[in-house]
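Undergrad: fold the following and give me the result.
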Amino acid sequence: MDTENIFYLNHPLIQHKISRLRDENTGTNEFRKLVEEITMLMGFEALRELPVEDVEIKTPIEKCMTPMLAGRKMVVVPIIRAGLGMMNGILDLVPSAKVGHIGLARNEETHQAEEYYCKMPDLLDQRPIIVVDPMLATGGSAIDAISMIKKRGGKNIKFMCIIAAPEGLERMTKAHPDVKIYVGHLDRCLNENAYICPGLGDAGDRIFGTDN
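TA: This next block holds a predicted model:
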């Protein structure tokens, strides 16, 4: 597996909050807040390369040149539905970001993702893009989502997940070697039902308080 574009974010705060996510006793409200907090912490690293330019402002003391975000507004693309839980963590950091949406549902027989919705901002080829989904299991959803973005002109793409399985990471790096991947924690493996172990259960169900 090519690890050049994989970044493991092992900050103690991130790891502590991921451990709270895993606990089956963590309720919906706390789970949702933890997902947003982890996303924000990971976002500081994942958004490190956003372009900036010096602009002139006036402080209470004097005028000065100081860096501000430059170029087209970035795009955050949550993979529906669990990715919606990460969206606000990015928007809290970059409130001016555009938002795209990709709807992919997991086929419980084939364990593959099936598309049902895609809506993107314009000028996608000129914008930094970050795709978010809490879990990278088989990699199918992330691979398909990024392929859909590329077909619509997206070029500068990153992917961020809270936990990942080695199998999914390997597939992702082969399918999209140009995409940088930011991972909160690398878990052990997938089980026979293609769920991450030890994992945290179904992230979408736990974020939205729905039954398995």
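Undergrad: what about stretch 202-212, distance to the chain center?
TA: Relative to the centre of its chain, stretch 202-212 is centred 18 Å away, using Cα atoms, centre = their mean, to the nearest Å.
Undergrad: same thing with stretch 120-140?
TA: The answer for stretch 120-140 is 7 Å, by Cα atoms, centre = their mean.
Undergrad: ok, now how distant is F7 from K180?
TA: 7 Å (Cβ to Cβ, to the nearest Å). Using the backbone N, CA and C atoms, a C-beta is placed for each residue, glycine as well.
Undergrad: joint contacts of the two?
TA: Counting by Cβ atoms under 8 Å, 6 or more residues apart in numbering, the residues touching both F7 and K180 are A46.
Undergrad: got a list of what N156 touches?
TA: R127, P128, I129.
Undergrad: pull the number of nearby residues for the second one.
TA: Pointing back at P128 there. Neighbours of P128 under the rule other Cβ atoms under 10 Å: 22.
Undergrad: nearest residue to G153 in space, please, no chain neighbours.
TA: D125 (3.9 Å; Cβ to Cβ, 6 or more residues apart in numbering).
Undergrad: tell me the secondary structure at that neighbour.
TA: Three-state call for D125 (DSSP: H, G, I helix; E, B strand; the rest coil): helix.
Undergrad: I6: neighbour count?
TA: For I6, using other Cβ under 10 Å, the count is 18.
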